[in-house]
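A.B. asks: Coordinates for the following, if possible.
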Amino acid sequence: MPANARALCASNLLILALLCLVPVAPAFSSTTDGPVRLLAVDQGKAEAATLLQKGAATEAYELYMRLVRLAPEDDEIQLGIARAATRATRWNQAIMAYETLLEKYPREAVLYGELANVYMLLGDRVAAERSLAVMRALDGTPRETTDKTLDALEHRYSSFLVRGKIRAGIQYDSNANLGPDSNDLSLGMWQVRLDGAKARKSMGAYAGAEVDTGYRFYRDSPWWLIGDANVFWRGHANSDLSDSHSRYSQSGRVAVGFRHLTSSALAEARLKAEVFDYEFYQRVSALGPEGTYLWAATPSLHLIARGNIEKRDYSRNHRRDGWYGSAGFYGRAFFGEEKHELLVGGRWLGADTDWKNYDYKGWESSARLLFKLPRKVEISPFVGYTHEAYKGPATILEAKKRRDNRVRAGVNLSWRIDEAWSLEAGYQYTNNRSNSALYKYDQHFANIGLVWGF
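C.D. replies: Residues are numbered from 1 along each chain as shown. Sure, this is the predicted structure:
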């Protein structure tokens with residue numbers, strides 16, 4: 001065993017031994033016991049703080065409660081008990097710990113603020129207002145600020161939550177119909193002309209709305225009934241797109257499911273129904289389950305698994321009808337004082353359709369950064385690569401099985417104007433390289449718009 005591992009093991013054993021002795025030997029009469037006890041307390045506090053930071057609130061609370069027997073006058077331990085009890089949903093114990101500290105430090109405004117948070121967790125807004133009134137008298141915080149804080153806490157701890165966004169803006173699309181560079185195409189051994197296939201650029205506009213809801217079964221339950229819904233519309237100014245029934249489109253989604261949420265993990269499953277429509281002429285509908293599991297390995301690292309399977313129906317090409325699905329794994333890291341984010345990972349893709357030529361298997365890798373800049377500005381560059389291998393050729397004129405390799409890269413920007421309004425903008429470049437000329441295309445897409453959140 002390495003030396004540092006042996007040392008860690010020995011220190012943990014020392015803490016355990018001393019804590020186990022507490023019930024039978026609450027006081028240390030020997031002068032040589034003092035330094036040993038202090039060392040055990042210091043190591044125990046460090047271990048409890050680490051547990052709390054990792055999200056193991058119950059374990060941290062239990063360790064702090066053992067430590068307080070060794071050092072009942074240690075204020076750091078009392079504060080640890082208060083904060084660990086809060087996160088472990090032991091709110092009455094948290095209140096007692098905060099009140100013990102406030103008897104010794106009646107002018108610590110921060111403690112009154114944290115105590116108000118616990119009262120809100122208990123649903124006692126009147127007591128929370130009393131605590132914040134003392135805090136205002138001590139540090140001069142405006143009444144308007146504390147009222148907004150209480151409103152936010154009341155919303156956060158409510159058993160029924162609703163959040164949503166409404167957005168609208170303008171856009172530019174260099175290839176609104178995802179067409180090739182020319183109407184003249186080489187398909188296998190044949191040279192053909194497909195009028196209207198060539199890429200068409202257009203200015204346009206978009207609008208959308210989305211809402212997420214959650215209902216918790218009881219106040220400290222980890223189980224939530226969840227749902228979401230959204231609608232989106234996009235229109236293009238180029239009238240030539242009407243020839244291919246793609247001048248405007250609309251989409252919608254509704255989903256309902258369950259979520260289990262703890263301090264270190266989130267698991268949810270939903271049943272979704274989606275529809276995408278071009279000019280009410282050609283439609284794709286989908287129905288199926290989807291799931292997500294997130295584990296906070298550390299406060300700075302989240303591991304995420306996602307998957308879905310859906311039955312699709314194509315109104316104009318029933319040979320594409322069938323089962324589509326994906327399964328992926330991602331890692332999200334937080335870094336810097338502002339908690340910037342890096343999300344990286346990949347997923348498997350597949351389809352089993354009514355006509356084997358549309359069946360495919362593939363994979364996708366992606367990475368996204370989120371930088372939180374001053375003045376409430378967020379900028380998020382991203383890149384992704386997708387490979388799709390089909391079981392048959394793209395057209396009856398070709399012999400080779402279709403293969404697509406697609407690269408996407410771009411950046412999104414958000415500027416929060418105030419608590420409700422924000423400005424969004426984005427740019428994305430897509431390059432689809434296919435062994436079928438019909439599916440080779442480049443696309444530049446940009447947008448700017450306003451978002452109202454509630």
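A.B. asks: Tell me where the model's unsure across the stretch 151-300 of the chain.
C.D. replies: Low-confidence segments of the stretch 151-300 of the chain, defined by pLDDT under 70, span residues 219.
A.B. asks: Strands of that one, residue ranges please.
C.D. replies: Chain-ordered strands for the stretch 151-300 of the chain, with DSSP state E, counting those that start in this stretch as the definition, fall at 160-173, 184-187, 190-193, 202-216, 223-236, 248-261, 265-278, 282-298.
A.B. asks: show me what contacts the residue lying closest to Asn183 once chain neighbours are set aside?
C.D. replies: The spatially closest residue to Asn183, leaving aside those adjacent along the chain, is Lys198, at 4.7 Å (CB to CB, 6 or more residues apart in numbering). For the C-beta atoms, the positions are set from N, CA and C on the backbone; glycine is no exception. The neighbours of Lys198, taking CB atoms under 8 Å, 6 or more residues apart in numbering as the test, are Gly179, Pro180, Asp181, Ser182, Asn183.
A.B. asks: switch to 7 Å and redo it
C.D. replies: Gly179, Pro180, Ser182, Asn183 (CB atoms under 7 Å, 6 or more residues apart in numbering).
A.B. asks: Near Arg283, how many other residues are there?
C.D. replies: 17 (other CB atoms under 10 Å).
A.B. asks: Glu73 is nearest to which of the strands of the stretch 151-300 of the chain?
C.D. replies: The closest approach between Glu73 and any of the strands of the stretch 151-300 of the chain, judged by CB to CB, belongs to strand 282-298 at 32.3 Å.
A.B. asks: that older thread, any idea how far Tyr172 is from the residue nearest to Asn183?
C.D. replies: 18 Å (CB to CB, to the nearest Å).
A.B. asks: swap in Asp359?
C.D. replies: Taking CB to CB as the measure, Asp359 falls 35 Å from Tyr172.
A.B. asks: Please apply the same query to Lys372.
C.D. replies: In this structure, Lys372 and Tyr172 are 27 Å apart, going by CB to CB.
A.B. asks: can you check Met203 too?
C.D. replies: Met203 is 6 Å from Tyr172, by CB to CB.
A.B. asks: ok, now Val407?
C.D. replies: 20 Å.
A.B. asks: got the strands of the stretch 151-300 of the chain as TSV, with distance to Gly113 columns?
C.D. replies: Formatted as TSV, these follow (distance: least, CB to CB, whole Å):
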stretch	distance to Gly113
strand 160-173	23
strand 184-187	67
strand 190-193	72
strand 202-216	24
strand 223-236	27
strand 248-261	25
strand 265-278	27
strand 282-298	25
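A.B. asks: Any idea which of these gets closest to Tyr105?
C.D. replies: Shortest distance between Tyr105 and those, using CB to CB, is found for strand 282-298: 31.5 Å.
A.B. asks: Pull up the pairing partners for the helix or strand that comes right after that closest one, direction included.
C.D. replies: Proceeding N to C from strand 282-298, the next assigned helix or strand is strand 301-314, under DSSP states H and E. The sheet places strand 301-314 alongside strand 282-298 (antiparallel), strand 322-335 (antiparallel), with pairing taken from DSSP bridges.
A.B. asks: In the helix or strand just after the last one, which of the residues would be classed as buried?
C.D. replies: Same thing as strand 322-335. Moving toward the C-terminus from strand 322-335, the next helix or strand (DSSP H and E) is strand 340-353. Residues His340, Glu341, Leu343, Gly345, Arg347, Leu349, Gly350, Ala351, Thr353 are the ones in strand 340-353 that count as buried (16 or more other CB atoms under 10 Å).
A.B. asks: Closest one to Ala60 out of those, please.
C.D. replies: Glu341 (25.6 Å).
A.B. asks: Spit out the contact partners of that closest one.
C.D. replies: Applying CB under 7 Å, 6+ apart, we find Glu341 in contact with Arg332, Phe334, Leu370.
A.B. asks: Who is it paired with across the strands?
C.D. replies: Using DSSP bridges, the beta-bridge partners of Glu341 come out as Phe334, Leu370.
A.B. asks: now the contacts of Glu341: which count as buried?
C.D. replies: Neighbour counting with 16+ other CB under 10 Å marks Arg332, Leu370 as buried within the contacts of Glu341.
A.B. asks: Turn the contacts of Glu341 into CSV, columns for distance to Thr145.
C.D. replies: What follows is the contacts of Glu341, written out as CSV (distance: CB to CB, whole Å):
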residue, distance to Thr145
Arg332, 31
Phe334, 27
Leu370, 27
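A.B. asks: Adding pLDDT and distance to Glu268, write the contacts of Glu341 out as CSV.
C.D. replies: Formatted as CSV, the contacts of Glu341 follow (pLDDT from 0 to 100; distance: CB to CB, whole Å):
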residue, pLDDT, distance to Glu268
Arg332, 97, 16
Phe334, 95, 21
Leu370, 97, 22
